[in-house]
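Enquirer: here is a sequence together with a model predicted from it:
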Amino acid sequence: MGENTFLRGPADWWRQAVVYQIYPRSFADLNGDGIGDFAGIIDRVPYLASLGIDAVWLSPFYPSELADGGYDVADYRNVDPRIGTLEEFDRMTEALHAHGIRIFVDIVPNHSSDQHEWFQAALKAGRGSAERDRYIFREGKGENGELPPSKLASHFGPEGWTRVEDGQWYMHLFAKEQPDFNWGNQEVRDDFLKTLKFWSDRGVDGYRVDVAHALIKDLADGHLPERDSYDLEVMKTDGTDDLFDRDEVHEVYKTWRQVFDQYDPPRVAVAEAWVHAHRRPAYASAEGLGQSFNFDLLVQPWNPKQFKKTITYNLAAAERSGSSTTWVLSNHDNIRHATKYGVAEGFDLYKWQHSKSKGNSLPQIDIQKGIDRARAAVMLELALPGSTYLYQGEELGLHEVFGIPADQMQDPQWFRSLGEKATRDGCRVPLPWTAEGSSFGFGPGGAHLPQPEWFAEYAVEVEEADEDSTLNLYRKALRLRKKLLDVEKYEWVRSWNRNVLHFKRPNGWHSITNFGDKPVKMPKGEVILTSTPLVDGMLPGNATAWFLAK
Ligand code: NOJ
Ligand code: CA
């Protein structure tokens, strides 16, 4: 089994780690059924090692009917047979560990799949049963209980309650196939501790905790939360909101920490908690999950002022909390950042994706500019203190795939919002490994989401052969970063140009980014890496350089 005794090392290995997110269904397919699998990941461990990452995080690979890309888990301690087996999981963990790569798995505690045996048992057992108490079942309103118990929208569509055959309703903040657990129920709490032990015993090093802020809801004395918008502005800021980020949720994570600390080194975790910024440190406390995602760069357009504000705020907050911050430019829920950075000035693609009534109309993208900026951005984030979460494909400079035909889309966000919210499928398209061949080398039998022709240019094989490719830039940057890492401190260096962000680490490692389009003068120093070659000693527009002060 994957007990990783050889990976004992400092307990704080995670603080400045680079974690690479694998979306298992779209990474590599070895058996040719069009769906990525563990065998495919095992096959590409040398590739992962060649990147120079410290860990991988796997999005859910558990048995699931895929109502939400696997975030609808039918069995928390097993593997979707389309992806592999537990035995293959162990082999994959061993192979990763043998290359010095740690592994995070995704834990989805707010809701299960409606196929989970507990939910099926709840349906059968009927109202008032212990089985129903593990979820949130309530009577409806109206004369015959035909109206939902409260006015609650779900993230993916109009209704946050669904009625079952005997007339009761159950709550689901996401798709109707994702019933919310009742975290007031001790069995639910105990079962998640069991799950954490199960994977930790198998050698899992860390956990990414899905919607970590939603577990505890105010359901006391017949109260039921109502909500018609999930905008952050609607959420109370002081831990008393009836749906999200309630103070009591940290009691749950204290019990998780007790499990993590039974291992050597202690298991680690990172919270996905879309909460008010000042509330994040609580999730990142040493008595809790230890780290909490900061998505502030991910939601920023290419703008020096906003980048600077975000960086300054988050590093100060991390210092206060004792944790380290996390930098994220892309993940499986958002438009790839190369694309986001290629839109016209003033057009906010993040807002576009999450706002209403755009249907599937496409924004204009400057492909090259997007890639230049993406390369500059990753160098900037890698030079900062804190850990970095990369999303599969960004190391290829991959763009978002737009225009997936409606009959091939998989993401419920699109169906349930009746096209008002953009699909997330465009960043989940299987990776291109070769320029030719079936599904660009993803697997011998096609891909579960359609890949566009232009994927060929971004294939791993093509980029490996090109010294200046984005892939090789990531490899060089990650190698250099390992050597240059220093205490978690940084200092802004003043620049006369408003388009320039320049900072240094105590050991003399400098990073300078030109957000503008015109070249700028380079400060004195020994240049060690640039995202775009210098021109006559000048730093081109949309570029970052690392240098050592003389
Ligand atoms: C956040 C995940 O990243 C997303 O993909 C999922 O749809 C929701 N949580 C619900 O689990
Ligand atoms: Ca497969």
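Expert: That came through, no problem. Ligands and ions are numbered 1, 2, ... in the order given.
Enquirer: what residues does the stretch 301-450 of the chain put near ligand 1?
Expert: By the criterion of Cβ under 6 Å from any ligand atom, the positions of the stretch 301-450 of the chain lying close to ligand 1 are H332, D333. Quick note: C-beta positions are derived from backbone N, CA and C, even for glycine.
Enquirer: residue in the stretch 301-450 of the chain nearest to ligand 2?
Expert: G443 (6.2 Å; Cβ to the ion).
Enquirer: pretty sure that residue sits against L30.
Expert: Yes: at 6.6 Å, G443 counts as touching L30 under the criterion of Cβ atoms under 8 Å.
Enquirer: what segments of the stretch 51-200 of the chain are strands?
Expert: 55-58, 102-107, 137-138, 161-163, 169-171 (DSSP state E, counting those that start in this stretch).
Enquirer: switch the ones you listed over to JSON lines; also include mean pLDDT.
Expert: Output for the strands of the stretch 51-200 of the chain, formatted as JSON lines (pLDDT from 0 to 100):
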{"stretch": "strand 55-58", "mean pLDDT": "98"}
{"stretch": "strand 102-107", "mean pLDDT": "98"}
{"stretch": "strand 137-138", "mean pLDDT": "98"}
{"stretch": "strand 161-163", "mean pLDDT": "98"}
{"stretch": "strand 169-171", "mean pLDDT": "98"}
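Enquirer: out of those strands, nearest to R82?
Expert: Relative to R82, the nearest member of the strands of the stretch 51-200 of the chain by Cβ to Cβ is strand 55-58, separated by 14.4 Å.
Enquirer: any part of that closest one near ligand 1?
Expert: No: for a cut-off given as Cβ under 6 Å from any ligand atom, strand 55-58 has no contacts with ligand 1; the smallest distance is 11.1 Å.
Enquirer: pLDDT score assigned to the residue of the stretch 51-200 of the chain found nearest ligand 1?
Expert: Scanning the stretch 51-200 of the chain for proximity to ligand 1 using Cβ to the nearest ligand atom identifies Y71 as nearest, at 3.4 Å. Per-residue pLDDT puts Y71 at 98.
Enquirer: F156 is in contact with that one, correct?
Expert: No: with contacts defined as Cβ under 8 Å, Y71 does not count as touching F156, sitting 10.7 Å away.
Enquirer: shared neighbours of the two, anything?
Expert: When contacts are counted by Cβ atoms under 8 Å, 6 or more residues apart in numbering, Y71 and F156 have F174 as shared neighbours.
Enquirer: mind giving me the domain split of this structure?
Expert: The record, using automatic domain parsing to delimit domains, assigns the chain the ranges 18-110+187-408+452-473, 117-171, 486-548.
Enquirer: which one of those lies nearest to L431?
Expert: domain 18-110+187-408+452-473 (5.5 Å).
Enquirer: contacting residues for T162?
Expert: Shown in contact with T162 (Cβ under 8 Å, 6+ apart): W169, Y170, H172, K176.
Enquirer: distance of it from ligand 2?
Expert: Remark: distance between T162 and ligand 2 (Cβ to the ion, to the nearest Å) = 32 Å.
Enquirer: partner residues bridging that residue?
Expert: Bridge pairing for T162 (DSSP bridges) gives the partners Y170.
Enquirer: please report phi then psi for the residue sitting furthest away from the middle of the chain.
Expert: Within the chain, E143 marks the point farthest from the mean C-alpha position, 43.9 Å out by Cα atoms, centre = their mean. Summarising the backbone geometry of E143 under the convention degrees, to the nearest 10, its torsions are phi -50, psi -40.
Enquirer: now do S511
Expert: Reported as degrees, to the nearest 10, the phi and psi values for S511 are phi -130, psi 130.
Enquirer: export stretch 303-318 to CSV, keeping only CA atoms.
Expert: The C-alpha atoms that make up stretch 303-318 are tabulated as CSV, following Å, rounded to 0.1, in the frame of the first residue of the first chain:
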residue,chain,number,x,y,z
ASN,A,303,-4.3,44.8,-14.4
PRO,A,304,-1.3,45.8,-12.3
LYS,A,305,-3.2,47.8,-9.7
GLN,A,306,-5.5,44.9,-9.0
PHE,A,307,-2.7,42.3,-8.9
LYS,A,308,-0.7,44.5,-6.5
LYS,A,309,-3.7,45.0,-4.2
THR,A,310,-4.5,41.3,-4.2
ILE,A,311,-1.0,40.2,-3.5
THR,A,312,-0.4,42.7,-0.8
TYR,A,313,-3.7,41.8,0.9
ASN,A,314,-3.3,38.1,0.8
LEU,A,315,0.3,37.9,1.9
ALA,A,316,-0.4,40.2,4.9
ALA,A,317,-3.5,38.0,5.7
ALA,A,318,-1.4,34.8,5.5
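Enquirer: use 13 as the first number for this chain going forward.
Expert: Sure, I'll start numbering at 13, so the last one becomes stretch 315-330.
Enquirer: please tell me how far the residue farthest from the centre of the chain sits from G398.
Expert: 56 Å (Cβ to Cβ, to the nearest Å).
Enquirer: can you show me the strands along the stretch 463-562 of the chain?
Expert: All strands of the stretch 463-562 of the chain, identified by DSSP E, counting those that start in this stretch, fall at 503-504, 512-516, 521-526, 532-533, 538-542, 550-551, 555-560.
Enquirer: out of the ones you listed, deepest packed?
Expert: Of all the strands of the stretch 463-562 of the chain, strand 521-526 carries the top mean neighbour count, a mean of 25, counting by mean count of other Cβ atoms under 10 Å.
Enquirer: which strands or helices does that one pack on?
Expert: In terms of contact count using 3 or more Cβ pairs under 8 Å, 6 or more residues apart in numbering; DSSP states H and E, strand 521-526 is assigned the packing partners helix 379-394, strand 512-516, strand 555-560.
Enquirer: turn the strands of the stretch 463-562 of the chain into CSV, including distance to ligand 1 and mean pLDDT.
Expert: Formatted as CSV, the strands of the stretch 463-562 of the chain follow (distance: least, Cβ to the nearest ligand atom, whole Å; pLDDT from 0 to 100):
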stretch, distance to ligand 1, mean pLDDT
strand 503-504, 32, 98
strand 512-516, 29, 98
strand 521-526, 28, 98
strand 532-533, 38, 98
strand 538-542, 32, 98
strand 550-551, 36, 98
strand 555-560, 28, 98
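Enquirer: please enumerate the helices of the stretch 13-162 of the chain.
Expert: 50-55, 57-63, 98-110, 129-137 (DSSP state H, counting those that start in this stretch).
Enquirer: among the strands of the stretch 63-212 of the chain, single out whichever gets nearest to A389.
Expert: Closest to A389 of the strands of the stretch 63-212 of the chain, according to Cβ to Cβ: strand 67-70, at 19.9 Å.
Enquirer: pLDDT score assigned to the residue lying closest to D55 once chain neighbours are set aside?
Expert: Closest residue in space to D55, ignoring its immediate chain neighbours: L42 at 5.6 Å, by Cβ to Cβ, 6 or more residues apart in numbering. L42 is assigned a predicted lDDT (pLDDT) of 98.
Enquirer: and L42, how far from I115?
Expert: In this structure, L42 and I115 are separated by 18 Å, where distance is defined by Cβ to Cβ.
Enquirer: same check, this time on N306
Expert: Relative to I115, N306 is positioned 22 Å away (criterion: Cβ to Cβ).
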